[in-house]
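Enquirer: fold the following, please.
(one chain, ligands or ions: 2)
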Amino acid sequence: MCSPTTTPENNNDHLVQSSDPNHPANLIPALCAKFWTLGWVTGTGGGASIRSDDLVYLAPSGVQKELMKPDDIYVLSLAAQAQSLDKRQRVYLRSPANYKPSQCTPLFLAAFTKRNAGCCIHTHSHWAVLVTLILETQGAGKDKEFMINNIEQIKGFGKGFGKSGNLGYHDTLKIPVIENTAHEEDLTEFLEEAMDKYPDTYAVLVRRHGVYVWGENVHKAKTMCESLDYLFQLAVEMKKLGLPWVTDIEPTVPTRK
Ligand SMILES: CSCCC(=O)C(=O)COP(=O)(O)O
Ligand SMILES: [Zn+2]
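Expert: Numbers count the residues shown, from 1 in each chain. Ligands and ions are numbered 1, 2, ... in the order given. Here you go, the predicted structure:
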């Protein structure tokens, strides 16, 4: 089914046709195929979206994300979307036939418009879900953010939107947690709220669901998503061993003789 802005005759197919493996229409299927092997996008859940200047590339909804082809990709213009009178109506430059756009679309758009991200990844990783379940057992108040420090992989994270450099080993990484909703789109207002409350965050956990991670470009979003998944898995194993996620190890200054 095409959106009102496209017809089968004018579906801007050229926007998803490129021999460049780094073109977003080629990269989204390639990334999702890799993410599927990690258990991040199995059973049609999860996905990824890429922004290139004004254009946003999106997957269809409910498809096996590891089997997607460039021809399945939706393309949306942020400028056209901003000018649209009805903000809930999406303005697609290209709509593949017989599909609906990903339910994650408004959440991806939040990362692009509020954080100027170039890529946003949504996973249903077991580790992300388990971390939110562990936090849930700690009760209201303590269940709204995941915190960890003094682990080398924390250096895989940027300091925050508009800031240069990465977090250090002794810095505490904080990832907000929002509650799940019956429909993915309804998460948007809570994701945006979490972005406002945690202006430096590059990720938001969704309880009993997964995680959204974004970055300035594909490389940075992927690096942070991988680092975060590593930390979530580590945190689950640490919990089993009774080890705390946050410790007050003092920074040591090496003395040279
Ligand atoms: C079993 S997946 C349920 C929907 C969801 O959480 C998700 O991330 C995938 O949504 P999409 O519309 O992209 O298939
Ligand atoms: Zn999801």
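Enquirer: around residue 143, how many other residues sit close by?
Expert: The tally of other residues near residue 143 (other Cβ atoms under 10 Å) stands at 17. C-betas here are computed from N, CA, C, even on glycine.
Enquirer: host element of the closest residue to it other than its chain neighbours?
Expert: Closest residue to residue 143 apart from its sequence neighbours, by Cβ to Cβ, 6 or more residues apart in numbering: residue 135 at 4.3 Å. Using DSSP states H and E, residue 135 maps to helix 126-137.
Enquirer: mind listing what's buried along that helix?
Expert: By 16 or more other Cβ atoms under 10 Å, the buried positions in helix 126-137 come out as 126, 127, 128, 129, 130, 131, 132, 134, 135.
Enquirer: please apply the same query to stretch 28-42.
Expert: 28, 29, 31, 32, 35, 36, 40, 41, 42.
Enquirer: so what touches it?
Expert: For stretch 28-42, contacts defined as Cβ atoms under 8 Å, 6 or more residues apart in numbering pick out 21, 46-50, 57, 59, 65-70, 72-73, 121, 123-126, 218, 222, 225, 229.
Enquirer: rewinding a little: closest one of the buried residues of helix 126-137 to residue 77?
Expert: residue 128 (31.1 Å; Cβ to Cβ).
Enquirer: ok, the nearest residue to the closest one once chain neighbours are set aside - how many residues close by?
Expert: Excluding the flanking residues, the one nearest residue 128 by Cβ to Cβ, 6+ apart is residue 211, at 4.1 Å. Residue 211: 27 surrounding residues under other Cβ under 10 Å.
Enquirer: flag every buried residue along stretch 209-217.
Expert: Buried residues in stretch 209-217, counted by 16+ other Cβ under 10 Å: 209, 210, 211, 212, 213, 214, 215.
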